[in-house]
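Peer 1: The amino acid sequence is not available; the structure is as follows:
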């Protein structure tokens, strides 16, 4: 027999950036949405939220002040700023070499993947990589900042890195704190979306992106705030191109108080909360496999094998009283853990 856990109610909300209230006047990736029909639940219920689809243009430049990777500091206080746009490596070295105010030319080695800068001035010049936001872009993040003699060259210790935006991070006040990051600990990330298309294509939430479900700590959702950032928490500049995504809100019953009390009693006796609850068993069931919990999507169910020794006199056909109580207790425990 399969016991399936399903939401009591489900609501889909489709969001278009062009319809939202923009918080940042210059960027359309930080906004709030007022729901005309709020999502509500009762006192014995809770709301689960999940991003289920997204169509976002891959229109953010790989080099810009928004990505924080477009400056080279030299001669102590001078700064060369790369124009914001989408670069390939040939365009990058061309722009650097063509800049008359910057006293270095650039070349790229196809076999090593590294950039070399040559001092084209008549005197030594210091390249200060500690103050340059383009150091990782050019492969010089691990380089010291020495004085480069006139006519001398220096190559990056690392490879040039033009794949500067790895993922779209959809952040929201809906996030329930069940997501952690090495950058900031508790995260407001509602969903991480991998970028698997070239520039000017459409980024979709695909099957390889793990779906994050947030259990909300409030009974009403009527105002939602969103931020779309890169992996470094920089707001994305999509160059004023609109996008869409959809959210699913699911209403579930809260876990039962009795089940919580049973777990708390086990904890009080020194057991770990994650350990299973002891279930009374009949002697005739010795050696019979326990029901195995399985998870498929948002459904939790049990797969049970037929037991020939079952007492058919119990009101639940094919179940003894002990078996029925055991199955119900295990299911309650799994629901609490979820």
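Peer 2: Sure thing, it's come through. Bear in mind that the values here come from a model prediction, so they are computed numbers and not experimental data.

Peer 1: Tell me how far residue 18 lies from residue 107.
Peer 2: 44 Å (CB to CB, to the nearest Å). C-beta: built from backbone N, CA, C; applies to glycine.

Peer 1: and if you look at residue 221?
Peer 2: 55 Å.

Peer 1: and the two? which has more neighbours close in?
Peer 2: Using other CB atoms under 10 Å, the more surrounded residue of residue 221 and residue 107 is residue 221, with 20 against 14.

Peer 1: Can you classify that one as helix, strand or coil?
Peer 2: When classified by DSSP: H, G, I helix; E, B strand; the rest coil, residue 221 comes out as strand.

Peer 1: surely it meets residue 173?
Peer 2: No: Residue 221 is not in contact with residue 173 according to CB atoms under 8 Å; the separation is 9.7 Å.

Peer 1: Next, the distance between the ends of stretch 84-100.
Peer 2: End-to-end distance of stretch 84-100 (CA to CA, to the nearest Å): 18 Å.

Peer 1: So what's the gap between that stretch and the chain middle?
Peer 2: Mean-position distance between stretch 84-100 and its chain equals 32 Å (CA atoms, centre = their mean, to the nearest Å).

Peer 1: Ok, stretch 126-134 next?
Peer 2: With CA atoms, centre = their mean, you get 31 Å for stretch 126-134.

Peer 1: Identify the single longest strand in this protein, thanks.
Peer 2: strand 45-57 (DSSP state E).

Peer 1: what about that strand, distance to the chain center?
Peer 2: 12 Å.

Peer 1: could you point out which element follows it?
Peer 2: strand 71-74 (DSSP states H and E).

Peer 1: The helix or strand following that following strand pairs with which strands?
Peer 2: Note on strand 71-74: by DSSP H and E, the next helix or strand toward the C-terminus is strand 78-81. Pairing partners of strand 78-81, with direction, according to DSSP bridges: strand 71-74 (antiparallel).

Peer 1: contacting residues around the partner strand?
Peer 2: 79-82, 102-104, 125-129, 131-134, 138 (CB atoms under 8 Å, 6 or more residues apart in numbering).

Peer 1: Output the below-cut-off pLDDT ranges for this structure.
Peer 2: For the chain, applying pLDDT under 70 flags the ranges 1-4, 177-186, 257-325, 333, 338.

Peer 1: Domains of it: list them as residue ranges, please.
Peer 2: Split into domains by automatic domain parsing, the chain comes to 9-60+165-253, 71-155, 257-337.

Peer 1: bridging residues for the closest residue to residue 23 other than its chain neighbours?
Peer 2: Spatially, and ignoring its direct neighbours in sequence, residue 23 is nearest to residue 30 (4.6 Å; CB to CB, 6 or more residues apart in numbering). In this entry, residue 30 is beta-bridged to residue 227, by DSSP bridges.
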